[in-house]
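Undergrad: okay, here's the prediction I keep looking at, along with the sequence it came from:
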Amino acid sequence: MTPTIRAIEDADIPAVIALWHAAGVARPWNDPATDIAFARRGPHGTVLVAAIEDRVVASAMAGEDGHRGWLYYVAVDPAHQGGGLGRLMVEAGEAWLAARGVWKVQLLVRRENAGVLGFYDHLGYRDTTAVCLQKVIATE
């Protein structure tokens, strides 16, 4: 069946969170519901889903800062992996960013998920050789 790719709807949130856990992209220190809400709070982010017969089987979160775009939570239900859904979701995220005038797309891959590097290489993504630094700041 051909999946329907669309923006996430409120009713999809539990299924997307379950998908992220099943696909191994969720981490205990990131609350998926908070990340979804943050992506949906304005025009600079979205969560896209692929649905087959109203069942969410893949996702990609896209966001932009006016200069570069980012993809997050690219996930495919393990039962549907290897069938091209990951590529479709990356392409959907890229199209969403391109429609906003973003010409550069970046993503992060966790070291323990090195097996996915070949997938992204096949799609044209290259190691920037940059070092990503992070600091958690208080928001309250």
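TA: Received it, and whenever you're ready, just let me know what you need.

Undergrad: for this protein, what's the longest strand?
TA: Assignment by DSSP state E gives strand 55-64 as the longest strand of the chain.

Undergrad: what helices and strands are in contact with it?
TA: Packing partners of strand 55-64 (3 or more CB pairs under 8 Å, 6 or more residues apart in numbering; DSSP states H and E): helix 13-23, helix 32-40, strand 45-52, strand 69-76, helix 85-98. No exception for glycine: its C-beta is placed from N, CA and C like everyone else's.

Undergrad: go ahead and confirm Ile17 touches Pro32.
TA: Yes - with contact defined as CB atoms under 8 Å, Ile17 counts as touching Pro32 (4.4 Å).

Undergrad: give me the distance from stretch 32-48 to the chain's centre.
TA: Here stretch 32-48 is found 11 Å from its chain centre; the criterion is CA atoms, centre = their mean, to the nearest Å.

Undergrad: and Glu112, which of the helices and strands packed on strand 55-64 is closest to it?
TA: helix 13-23 (13.7 Å; CB to CB).

Undergrad: touching the closest one from outside, list them.
TA: 8, 26, 32-33, 36, 47, 49, 55-59, 73, 75-78 (CB atoms under 8 Å, 6 or more residues apart in numbering).

Undergrad: buried subset of those as a PyMOL selection?
TA: To isolate the buried members of those in PyMOL, using 16 or more other CB atoms under 10 Å:
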select buried, resi 8+26+32+36+47+49+56+57+58+59+73+75+76+77
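
Undergrad: where in the chain is pLDDT low?
TA: Counting by pLDDT under 70, the chain contains low-confidence ranges at 140.

Undergrad: and Trp103, helix, strand or coil?
TA: Following DSSP: H, G, I helix; E, B strand; the rest coil, we place Trp103 in the coil state.

Undergrad: for it, grab the count of nearby residues.
TA: Neighbour count for Trp103, taken as other CB atoms under 10 Å: 9.

Undergrad: what's the distance between it and Val90?
TA: Distance, Trp103 to Val90, using CB to CB, to the nearest Å: 16 Å.
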